[in-house]
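S.K.: Got a predicted structure here, sequence first:
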Amino acid sequence: MARYTGPKTKIARKFGDAIFGEDKYFDKRSYPPGQHGQSKKRKTASEYAVQLQEKQKAKYTYGLLERQFRNLFEKASRKKGVTGENMFKLLEGRLDNTLYRLGLAASRAQARQLVIHKHIAVNGQIVNIPSYTLAPGDKVALRERSKNLAVVQDAVAKRGKKFNWLVFDEKSMEGTFVDFPERDQIPENINEQLIVELYSK
């Protein structure tokens, strides 16, 4: 399946936010890319452009393709509650994102690769679908033979922020998806209301 593999810093600069995590190159040049990146005479974006940019930002942040994102949004809109919040809950409930949040992978792209290569088990069963949606109480663990992978060891050693909706046991290298998070618990700097407005047109 097609997946963006181009320069990540360029995309982060486009949105003015380090959406792929820490990036020393973004810190050096946080203005938009291109010869007019630092120009103060940049055109004011239209309402549609602002909404589209916010959707693109969410797509790149979570590593979804256009059709995947659209399907996830439609699923969120069918659920009870606020559509934007439902969308974020579904994004955070993805297996690849949960691995990243637990600190078992340094990025969502790395987490996706671990899942595809069958290094991850959910409730004791191997799952190789990155978009697999976890349910509250699900146990996420590395296969025994995968616990000594260098990329995993490095990621665990650099584990940063802990999240209230996840519990991680470093001894067993197992995490528990306690529940879907509320919007104010999710740190991503994305205005979901703009995405809802875009898809409502």
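M.R.: Perfect, I can see it now.
S.K.: and Lys41, what pLDDT?
M.R.: Per-residue pLDDT puts Lys41 at 55.
S.K.: let's number from 21 now, not from 1
M.R.: Right, with 21 as the first residue, what we last looked at is Lys61.
S.K.: Any idea which helix or strand in the chain has the lowest mean pLDDT?
M.R.: None of the helices or strands of the chain scores lower by mean pLDDT, DSSP states H and E than helix 44-48, at a mean of 57.
S.K.: Report the next helix or strand after it in sequence order.
M.R.: Toward the C-terminus, helix 44-48 is succeeded by helix 67-82 as the next helix or strand (DSSP states H and E).
S.K.: Just list what that next one packs against, helices and strands only.
M.R.: helix 28-35, helix 86-98, helix 212-219 (3 or more C-beta pairs under 8 Å, 6 or more residues apart in numbering; DSSP states H and E). From N, CA and C alone the C-beta is placed, and that goes for glycine too.
S.K.: quick one: buried residues of it?
M.R.: Buried residues in helix 67-82, counted by 16 or more other C-beta atoms under 10 Å: Gln71, Gln73, Glu74, Lys75, Gln76, Lys77, Ala78, Lys79, Tyr80, Thr81, Tyr82.
S.K.: With distance to Val102 as added columns, please give those in CSV.
M.R.: Output for the buried residues of helix 67-82, formatted as CSV (distance: C-beta to C-beta, whole Å):
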residue, distance to Val102
Gln71, 17
Gln73, 22
Glu74, 16
Lys75, 17
Gln76, 22
Lys77, 19
Ala78, 16
Lys79, 20
Tyr80, 23
Thr81, 20
Tyr82, 18
